[in-house]
Every structure is written in C-alpha cells, then in structure tokens.
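Engineer: Give the three-dimensional model of this entry:
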Amino acid sequence: MKKLFSAIIGLLLVCGLLAFGAHSLQTSSGSTGKKVLNLYTWGDYIDPSLLTKFQKQTGYHVNVETFDSNEAMFTKIKQGGTSYDLTVPSDYMIEKMKAAHLLLPLNKKRLTGMQNYDARFMNLAFDRHNKYSVPYFWGTLGIIYNDKYVKPGSIKHWNDLWTKKYSNNIMLIDSARDVMGFALASMNQSMNTTDPATLLAARNKLNRLSPNVKAVVADEIKMYMIQNEAAVAVDWSGEASEMLAGNSHLHYVVPSEGSNLWFDNLVIPKTAKHFNAIYAFLNFMSEPKNAAQNAEYIGYATPNAKAKALLPKAVRNDRQFYPDNRTISHLQIYQDLSPAKVGLYNDRYLEFKMHH
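Structural biologist: Numbering: from 1, shown residues only. As a prediction, this is how the structure comes out:
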C-alpha cells in the first residue's frame, strides 16, 4: 500500500512539474487562451496601470514578455513556436520583418484612432500608408551635458565633442549604428551610407575622439550621468528624459546639422491568434487620454497629436524632446541594411572600441 501510495505521489509530482513546465512555456512564448493578448515589447515600455485599465474595460488579460534588442525580437519571431499578438519593432526592423514575411497587414476597418496621429509620423518610408504599423513612440539621438561642467549653449553640434576640454569626460551609448552615425553626421555624410571609404573615415574620426571618451556603456549610462560621473554623453532622447528627471543639471541637445530620428511602432506578427484583443488594444492605445498617460509614464515623445495636446505645457513645448520642424527636417531615419553592410558598420565600430 505504501509503495502504491508512493507511486501515486510520484505520479502527481511528475504531473505537477509537467503542468508547470507547460505553463512556463506558454508564459515565455505567449498564452493561447481566448481572452488574452500576448504583447512582446521592450522592457518597461508601457504604463502598468494602462494594462489594468484595458483588462477592466475589455476583459482581455495582457501577457507581457520583453526583449532588449530589435535583433533578439526578430530572431525569436522568425524561429517560430511563439504566439505573440503584437510587438514593437523600430523603423528599420519593420522593413526587415516585412521582407522576411513576418508581419500581417492591418485591417484598417477595425482601427478607430488613426486620425489622432501626427501626419508627419505617418506614411513613412519604412511602412508606406502604414500598411503594417501603428505609431507608438518616437525620438532622437542627441547629446546630454551637465551644466556643472559645461557652459549652457557651448555644446550645439557633434563636432563640439572633439574639443580637448572634454578629455576623458564623455560617455557613449554602446551602439554601433548610433556611434558610427553621429560620426557620419559630424562629417555631413548620410547616417545610412554603405560606402567603405566613408565608413573608414568615420572610424578614423572616432579614433581621434578616443582621448575624450571616458567609457562606452549600455543602460548604466543613465546612472553615471545622474550621479555626475561625466560632463557629456551621447544617448537616445528617451534615455535622456530619465537622466534629466534624475538630475536637474542635465540638458539634452539635438544637433541642428542632423541626427537620427527613430520610431517604435506596434505591428502584428504572423503568429498572432487573438485578433479581437489585438484591435481592441490598438484602439485603446490610440485614444488620446491613454496615449498621453503612457507618454508621461515612459518619458518618450508621443506621435499621437491629440495626446500631445493633453500633456502639460512644459512637456509639449519642450524642444529638447519635441524638436521643431526645422530640426526634424535634418534628421535621418535608419534604413534596413544588408547583413554584409551591417557587418561593415560593426567592424569599424569594433575597431574604434579596441583603439579606445
């Protein structure tokens, strides 16, 4: 009897472990229940209270899984075996996902809030007529400086970074495309160039910046700048927003000669299953009140014009994060480059980091 009892207990344990494993698998690759929405997005990229509000209004539970790079997201969706309903790629990655047939087109008849978006951020080259994507957030690449060490107004252009007075006092975000990009912009070259000689010249110019570079870092750049560890940094506007919120001595500048203009948009992967939930969520996030709340929580610029109008005046009129049309006209959106061309950027960037 004891042996039988032990066998039963053992069987129950095995069943429990199998059930847990199945639940974990579902959680990591999207639940397949009927009243759910599986969202695959960047970390901390939506106000949690909005998810609660959406669930109460619609009855759909949102399962959130995060990624840390466009490439990681692309690889996971391409490999299959997932059931994500929505994800949030950047501009160039939308092009790449379209080419790889990983996206489903939007059913415009089911969308109710597209008229709320700023026309400047619709029908862009990476997704003409917004066939596949709904704008989510946008931003820029720029320069953060600390007025304890830098005179306000003395940094306006990329070439100012090469000034000797910033020796060992600049931090760079660890991103090949962005670091090579600002070097190219400082040379009045396209941030999408694939010319080997031009990329080599950009690397050589970055090598001359090395004496001024204190560190090339990732997310910790925010903490270092908040703690006054460097006078200057190069990073994205969303990261800059967090820095400025943590240190009143920090300021953000987008060089007028040109920089990167980036977009993160919501798209439907071909693995999607819960279409009622998908369109309910897209419409929910397009509502001005919800989009404004999300923008205030995240700190990034909203492409929703009606939502922007609801933001505090100090926020919506802040040219650091909502640059004027003249500045925007000089900004460049990254294009999807072939693996060979991306490799060329990565090689030149790695050479700079080794030189540093």
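
Engineer: tally of neighbours for residue 303?
Structural biologist: By other CB atoms under 10 Å, 23 other residues sit near residue 303. From N, CA and C alone the C-beta is placed, and that goes for glycine too.

Engineer: I'd say it and residue 116 touch.
Structural biologist: No - contact between residue 303 and residue 116 fails when scored by CB atoms under 8 Å: they sit 9.3 Å apart.

Engineer: Tell me the first helix or strand C-terminal of the top strand by length along the chain.
Structural biologist: Secondary structure assigned by DSSP state E gives strand 133-146 as the longest strand of the chain. Next helix or strand after strand 133-146 toward the C-terminus (DSSP states H and E): strand 170-173.

Engineer: looking at this, residue 50 is in a strand?
Structural biologist: No - looking at residue 50 with DSSP: H, G, I helix; E, B strand; the rest coil, it is helix, so not inside a strand.

Engineer: Just give me the neighbour total for it.
Structural biologist: Residue 50: 18 neighbours (other CB under 10 Å).

Engineer: The residue nearest to residue 141 when sequence neighbours are not counted pairs with what?
Structural biologist: Of all residues not flanking residue 141 in the chain, residue 260 sits nearest, at 4.0 Å (CB to CB, 6 or more residues apart in numbering). Note on residue 260: beta-bridge partners by DSSP bridges are residue 332.

Engineer: quick one: strands adjacent to the helix or strand harbouring residue 234?
Structural biologist: Element membership for residue 234 (DSSP H and E) is strand 232-236. Strand 232-236 pairs in its sheet with strand 133-146 (antiparallel), strand 170-173 (parallel), by DSSP bridges.

Engineer: List of residues touching stretch 128-139?
Structural biologist: Contacts of stretch 128-139 from elsewhere in the structure, counted by CB atoms under 8 Å, 6 or more residues apart in numbering, are 45, 88, 94, 98, 103-106, 111, 114, 117, 121-123, 127, 236-238, 261-268, 282, 285-286, 295, 298, 300-304, 321.

Engineer: Which ones among those residues map onto strands?
Structural biologist: Going by DSSP E, the strands hold 103-104, 236, 261-268 from the contacts of stretch 128-139.

Engineer: Looking at those residues, which is nearest residue 350?
Structural biologist: residue 236 (20.9 Å; CB to CB).

Engineer: that older thread, surely the residue nearest to residue 141 touches residue 330?
Structural biologist: No - contact criterion CB under 8 Å: residue 260 and residue 330 do not qualify, at 10.9 Å.

Engineer: So those two - more neighbours on which side?
Structural biologist: Between residue 260 and residue 330, residue 260 has the larger neighbour count (other CB under 10 Å), namely 24 against 15.

Engineer: which ones are touching that one?
Structural biologist: 140-141, 178, 181, 191, 331-334.

Engineer: next one: residue 231
Structural biologist: Contacts of residue 231 by CB under 8 Å, 6+ apart are 145-146, 148-150, 166, 169-170.

Engineer: follow-up on the earlier one: what angle sits between the longest strand of the chain and strand 261-269?
Structural biologist: Orientation check (axes from the mean of the first three to the mean of the last three CA atoms, to 10 degrees): strand 133-146 against strand 261-269 gives 150 degrees.

Engineer: how distant is strand 133-146 from the center of its chain?
Structural biologist: 8 Å (CA atoms, centre = their mean, to the nearest Å).

Engineer: Could I get the full set of helices for the stretch 201-350 of the chain?
Structural biologist: Listed in chain order, the helices of the stretch 201-350 of the chain (DSSP state H, counting those that start in this stretch) span 220-226, 237-246, 275-286, 288-298, 305-308, 313-316, 325-328, 339-355.

Engineer: Can you add mean neighbour count, distance to residue 256 and mean pLDDT and give those helices back as CSV?
Structural biologist: Formatted as CSV, the helices of the stretch 201-350 of the chain follow (neighbours: other CB atoms under 10 Å; distance: least, CB to CB, whole Å; pLDDT from 0 to 100):
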stretch, mean neighbour count, distance to residue 256, mean pLDDT
helix 220-226, 19, 22, 96
helix 237-246, 20, 15, 93
helix 275-286, 19, 32, 98
helix 288-298, 19, 24, 96
helix 305-308, 20, 22, 98
helix 313-316, 12, 21, 94
helix 325-328, 12, 6, 91
helix 339-355, 15, 24, 95
